[in-house]
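**Student:** model this:
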Amino acid sequence: MPEIAEVARIVHHLKKSLVGRTLSVVKAQDDASVFGKVGTSATEFQKSLSGKKVLDAGQQGKYFWMIMSSPPHPVFHFGMTGWFHIRGEPTVHYRPKDIDEDEVWPPKFWKFSLETEGEPKVEAAFTDARRFARVRLVDCAAEDIRKTTPLKENGPDPVIDKEVLTEEWLLQKMKKRHVPVKAFMLDQANISGIGNWVGDEIMYHAKLHPEQYTDTFSANQVKQLHTSMLYVCQTAVDHLADSSKFPEDWLFKHRWGKGKKDAATTLPNGAKLTFITVGGRTSCVVPSVQKKTGPVAADVNGEDDDLDNDANVGKGKKGGKGKGTSAKRKTVPKEDEDEDAHDQSVSPAKKKRASASKTKGVKVETEAVEAVPAKKGRAKKPKMAEEETSDSPLVSSKASKKMKIEDEGQNGRRRSGRFTNAKV
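**Tutor:** Sure thing, here's the model as predicted:
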């Protein structure tokens, strides 16, 4: 998911390419999620922007907007896979575009496209493959955009709101909460713009454990966290999310090997990397640096904080047996609700399959017991076997059915469940 630095990159390109230009062509494809879930439509968006001049662009955390010559103004959120493309400009941050590669326009999964009047013409497009992005219109004065929903419900931005996000403000905010500190930072209602990798980078530089509760840190530790937060966010924004320019000692440079064959499990200095789940998100931790100094939400999996052990434990949770999963899911920040809604939409199916698997296992065991050859006059033996396994609701129901069949057999009727050569 694009975070504070990636959004800053797009705002930079909007100011460079679109600000000061008039939009002559606006095309939008209706999308019930991208537009509809925030009370907008493709038709309304197209009508509201056509013929207007882009005066400026702004940002607060993961939200950004364009200030038009008259209201309403469009406000955007990338969600998980949203992005803003400007034709011919290197807006993509993860994989630099090959020079010889032909540019497809409009890009795949486009939701709206823009063209400016005059020469040189500028073309831009907003894309989103997974449709968790949001495009809304706010009908207010430009200076009041941050005072309207959803921006007013979000916390201060670590780069542009330093006068609000002070060390004392952070200390008081954390003392009032009792949640894992990383989950606290991911909650956009507390602080805007911090996502998964930025949060991990901050915790690493602050030398604090992401699972430790917010109200258990000392004043010096909160000071350390505040300093690291401003440093990481400002540095990432200054480099416009270009990771090739990030400092070599950043965790970002070494954290992306989880689950990959032959991937490094240590930093260059030999310190081990481990992965845990905090706030519903995978977190990279360096246990030798990030010490627990107070109560935490859960211990790091594995006796030696070994990456392989953590991977194995994660696999074991697929069946829905992990007790920590549901508890951790409760701390998922509001900003990531759409992402987690996607995850949760898959969960019931997984649970159903897991439940069916368990039920199937019970049936097999029951049938194995019933398949024991029975001697004449010993018809009640299967009944006894089923009574012994009556802890399972399914077996209890089956046992009841068997008893009914046996009663009918005593009345001279054929027993449909009679055993012959260990087969029913």
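**Student:** Would you point out the helix or strand in the chain whose mean pLDDT is lowest?
**Tutor:** helix 307-316 (a mean of 35; mean pLDDT, DSSP states H and E).
**Student:** Can you give me the pLDDT of residue 257?
**Tutor:** On pLDDT, residue 257 comes in at 75.
**Student:** Tell me how many other residues surround it.
**Tutor:** Here the count is done by other C-beta atoms under 10 Å, and residue 257 has 16 residues near it. The way it works is simple: take the backbone N, C-alpha and C, and place the C-beta from them, glycine included.
**Student:** so it sits right up against residue 267, yeah?
**Tutor:** No. Applying C-beta atoms under 8 Å, one finds residue 257 not in contact with residue 267, separated by 11.2 Å.
**Student:** Quickly list what's touching both of those two.
**Tutor:** residue 273 (C-beta atoms under 8 Å, 6 or more residues apart in numbering).
**Student:** So for residue 160, what's the pLDDT?
**Tutor:** Residue 160 carries a pLDDT value of 98.
**Student:** typed the wrong thing, it's residue 90
**Tutor:** 87.
**Student:** ok, now residue 50?
**Tutor:** In this model, residue 50 carries a pLDDT of 98.
**Student:** where does the closest residue to it other than its chain neighbours fall, helix, sheet strand or coil?
**Tutor:** The shortest distance from residue 50 to any non-neighbouring residue, by C-beta to C-beta, 6 or more residues apart in numbering, is to residue 26 (4.6 Å). Put simply, residue 26 is strand when judged by DSSP: H, G, I helix; E, B strand; the rest coil.
**Student:** got a list of what residue 26 touches?
**Tutor:** Going by C-beta under 8 Å, 6+ apart, residue 26 touches 45, 46, 49, 50, 112, 113, 114, 115.
**Student:** which SS class is the fifth one?
**Tutor:** Put plainly, it is residue 112. Classification of residue 112 by three-state DSSP places it in strand.
**Student:** Across the sheet, point out what pairs with it.
**Tutor:** residue 28, residue 126 (DSSP bridges).
**Student:** and it, how far is that from residue 2?
**Tutor:** Applying C-beta to C-beta, to the nearest Å, the value for residue 112 to residue 2 is 17 Å.
**Student:** can you check the second one too?
**Tutor:** Going from residue 46 to residue 2 by C-beta to C-beta gives 24 Å.
**Student:** For those two, work out which one has more neighbours and name it.
**Tutor:** Of the pair residue 46 and residue 2, residue 2 is the one with more neighbours under other C-beta under 10 Å, namely 24 against 16.
**Student:** And the helices in this protein?
**Tutor:** 4-17, 42-49, 167-175, 181-186, 196-206, 219-238, 307-316, 323-329, 337-370, 381-388, 393-410 (DSSP state H).
**Student:** Tell me what angle the fifth one forms with helix 219-238.
**Tutor:** Right, the one you point to is helix 196-206. Here the directions of helix 196-206 and helix 219-238 differ by 130 degrees (axes from the mean of the first three to the mean of the last three C-alpha atoms, to 10 degrees).
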